[in-house]
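>>> only geometry, no sequence info:
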């Protein structure tokens, strides 16, 4: 899968661009504040329906305008898909092959993407919420069913919590919500468990290569109790729910479930959050991104689009070279960077386009 | 003021180092995870009494040991000062010229330092708490009186909040705490206002140079009400306190005062938090650090020590060169980086030592 053409109008600095993208590597270089990250923001918006920069789409619109517009032509298993994403007057209009989308979430899974931004060591050091969102986005891209189960779980959780707040609730009603919570919660935990296990396997291989065989990675998936086998997840979940029901009634919300899941990362068996250096944290997060792509390939049969913002900062020369060796020709990769020297030498070996960015304008660079 | 010698034992990767530092520029280079940031952590600990990496000093101790130890020899206006900082069995022992320090806060102001870490764009995008701490650390280094007023204010605030939680409080007691809050709060606001104004002036000049005259910076100090002149701060503070007293009684805590202060940053009159690029945010935070040093020089008569961790990541080539031009020979500067090429060319012009770091060991590099 790859984006063949991208148009943007009034999208921050990108006032009017229309570019053809290479199906392999695409490098966009230029000084700071020329619109490089904005380009990734536009592509990620088409991929996930959300901006990774702002929750207020209005802020994206170029000053003195009242709307922005994006269009992407995609080739998915040789079939063309056209996505349009417009926003103005607080309203989003999204069309896929000229048909309006009913829900924003229907956009997920059409253009799969893996995004790396300089903040991504938060995946290792950040809150459990960040880690759950990280797993949820990739599983939602891979499996529509997962996204549906997640939406159902969140709805059940909300209803169950509302009921818990009411001291004189109907016991049958509580029983119904608890059963639903157990049903969807178990499905989510099973998928997350499998996904984290694959992610760990791939990411460990990548980290080993990045570090020159010096570091190994263990990802610990922390969920309800101790789930060595898949068979008894629902049972265990039920027993724990029963045990904590009294506390739940006191506190007024659901204490057990995948909405409390967390990930812990270990380098050479030492807790990475506490003891890893910045370069090591960054290496883990990059290994995770490549692993995420392999995981998506496994589930969907093709690689997602890679979006890389300043992937090399804080890394030493050896690690940089090791990472470059991972980029596969059959993956569409979009790299933005202030410095393109290292990529140019790499690009001689691979199918590559180099673009120069200046004040929101993009031109094909002949080197 | 500069550090002439630094010893560290069992300090994370730095198992046993003893180095002589140059009074000008010192560059420590090496691959990721060799102890570069740890070196800055050690120096900053001697400067501020706190680690910028962890709140748990125990985590710093090298595995299989039970204490760490740091020693720094300093020249302050040609007078030697020796600082020892030991930690073991949950106890800190700090000595200045072989005399034990009673309070950790007495360490502040002896070795003044300005620290830059890659996360520092948080100074622009982060919480008000981060911004207040930023101003407080520099003012505390510059003026012992400020630190004393701040400690007094925080104590008054705590007592006043405890009283507000009690519905049947004694009105005279409340009146006393309110007067104390107004007294110390006014002193803090006046100092912060002056300091931010100077900081803005200096940082604006630096940002202008970094950006090649393309960007200007405005820092907006948000405090109680509208304080155009210094004369009526206490009066305004009092009027606002009276206005909100009813809400305070309901909520049970103090709503008005410098504990709610904030800073807002504008590039070319546009809100930087929302609209600046990563490179621009990083440029602002670097400009702030150099401005902070100028501010300290103004107040104390000499430059603080510069501690720079990976100052150049995410910046374009022009901005990098512009920043290098700021480093003054009379400032002791400690730069850690994976890549030292750019610094080496600069170091030909200035008094400079280059050290190589490998697995916690430091060796003087002949280039």
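Good, I have the coordinates. Everything numeric in this text was worked out from a predicted model, so none of it was measured. Numbering: from 1, shown residues only, chains lettered A, B, ... in the order given.
>>> residue in the stretch 201-350 of chain A nearest to chain B?
residue A:279 (2.5 Å; Cβ to the nearest Cβ). C-beta coordinates here come from the backbone N, C-alpha and C atoms, glycine included.
>>> my read: that residue touches residue A:320, true?
No - under the criterion of Cβ atoms under 8 Å, residue A:279 lies out of contact with residue A:320, with a separation of 10.6 Å.
>>> more neighbours, these two?
Regarding residue A:279 and residue A:320, a neighbour count based on other Cβ atoms under 10 Å in any protein chain shown identifies residue A:279 as having more, with 24 against 16.
>>> helix, strand or coil for the nearest residue to that one once chain neighbours are set aside?
On the basis of Cβ to Cβ, 6 or more residues apart in numbering or on different chains, the spatially nearest residue to residue A:279 that is not a chain neighbour turns out to be residue B:32, at 2.5 Å. Counting by DSSP: H, G, I helix; E, B strand; the rest coil, the backbone at residue B:32 sits in coil.
>>> ok, now which ones touch residue B:32?
A:277, A:278, A:279, A:280, A:282, A:283, A:314, A:315, A:316, A:319, B:338 (Cβ atoms under 8 Å, 6 or more residues apart in numbering or on different chains).
>>> need the per-residue pLDDT for it.
pLDDT, the model's per-residue confidence, is 95 for residue B:32.
>>> gap between it and residue A:205?
Residue B:32 sits at a distance of 19 Å from residue A:205 (criterion: Cβ to Cβ, to the nearest Å).
>>> ditto for residue A:59
Counting by Cβ to Cβ, the gap from residue A:59 to residue A:205 is 40 Å.
>>> again with residue A:269
The spacing between residue A:269 and residue A:205, counted by Cβ to Cβ, is 17 Å.
>>> need the longest helix for chain A.
With secondary structure taken from DSSP state H, chain A has its longest helix at helix A:171-210.
>>> ok, is that one in contact with chain B or not?
No - judged by Cβ under 8 Å from any Cβ of the partner chain, helix A:171-210 stays clear of chain B, getting no closer than 9.4 Å.
>>> what packs against that helix?
Here helix A:171-210 touches helix A:128-142, helix A:144-165, strand A:217-222, helix A:233-251, helix A:278-300, helix A:317-324, going by 3 or more Cβ pairs under 8 Å, 6 or more residues apart in numbering or on different chains; DSSP states H and E.
>>> quick one, what contacts the closest residue in space to residue A:111 that isn't next to it in sequence?
Across the structure, with Cβ to Cβ, 6+ apart as the measure, the residue nearest residue A:111 apart from its sequence neighbours is residue A:47 (4.4 Å). Residues in contact with residue A:47 (Cβ under 8 Å, 6+ apart) are A:107, A:108, A:110, A:111, A:112, A:113, A:141, A:305.
>>> and those residues as CSV, adding neighbour count, secondary structure and pLDDT?
As requested, the contacts of residue A:47 are arranged in CSV below (neighbours: other Cβ atoms under 10 Å in any protein chain shown; DSSP: H, G, I helix; E, B strand; the rest coil; pLDDT from 0 to 100):
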residue, neighbour count, secondary structure, pLDDT
A:107, 20, helix, 92
A:108, 19, coil, 90
A:110, 18, coil, 92
A:111, 22, coil, 93
A:112, 25, coil, 93
A:113, 23, strand, 95
A:141, 25, helix, 89
A:305, 24, strand, 95
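>>> from those residues, which is closest to residue B:80?
Taking Cβ to Cβ as the measure, residue A:113 is the one of the contacts of residue A:47 closest to residue B:80, at 58.5 Å.
>>> who does that closest one form a beta bridge with?
Listed beta-bridge partners, residue A:113: residue A:305 (assigned using DSSP bridges).
>>> kindly report the same for residue A:364.
When bridges are taken as DSSP bridges, the partners of residue A:364 come out as residue A:355.
>>> just checking, it touches residue A:353?
Yes - proximity of residue A:364 to residue A:353 meets the contact threshold set by Cβ under 8 Å, at 6.8 Å.
>>> neighbour count for those two, which is higher?
Counting neighbours by other Cβ under 10 Å for residue A:364 and for residue A:353 shows that residue A:353 has the greater number, 18 against 10.
>>> and the residue nearest to that one when sequence neighbours are not counted, what element?
Of all residues beyond its chain neighbours, the one nearest residue A:353 is residue A:22 (4.0 Å), with distances taken as Cβ to Cβ, 6+ apart. When secondary structure is defined by DSSP states H and E, residue A:22 falls outside every helix and strand.
>>> residues in contact with residue A:22?
The neighbourhood of residue A:22, defined by Cβ under 8 Å, 6+ apart, consists of A:332, A:351, A:352, A:353.
>>> by pLDDT, give me the weakest of these.
When those are sorted by pLDDT, the bottom entry is residue A:351 at 77.
>>> so, low pLDDT: which residues of chain A?
A:228, A:346-350, A:366-367 (pLDDT under 70).
>>> output the set of residues of it in proximity to chain B.
Contact residues of chain A with respect to chain B, defined by Cβ under 8 Å from any Cβ, are listed as A:30-33, A:36-37, A:54, A:59, A:118, A:274-280, A:282-283, A:309-310, A:313-319, A:338-339.
>>> buried ones among those?
Burial by neighbour count, 16 or more other Cβ atoms under 10 Å in any protein chain shown: within the residues of chain A next to chain B this picks out A:30-33, A:36-37, A:118, A:275-280, A:282-283, A:309-310, A:313-316, A:319, A:338.
>>> where's residue A:227 relative to residue A:150, distance?
Separation of residue A:227 from residue A:150 (Cβ to Cβ): 18 Å.
>>> again, but for residue A:273
Distance of residue A:273 to residue A:150, given as Cβ to Cβ: 25 Å.
>>> more neighbours, these two?
Neighbours per residue (other Cβ under 10 Å) separate residue A:273 from residue A:150, with residue A:150 holding more: 21 against 13.
>>> tell me the contacts of residue A:289?
Taking Cβ under 8 Å, 6+ apart, we find residue A:289 in contact with A:114, A:115, A:116, A:120, A:306.
>>> give me that answer again for 6 Å
With contact taken as Cβ atoms under 6 Å, 6 or more residues apart in numbering or on different chains, residue A:289 is in contact with A:114, A:116.
>>> sticking with residue A:335, tell me its helix or strand.
Element membership for residue A:335, per DSSP H and E: strand A:333-337.
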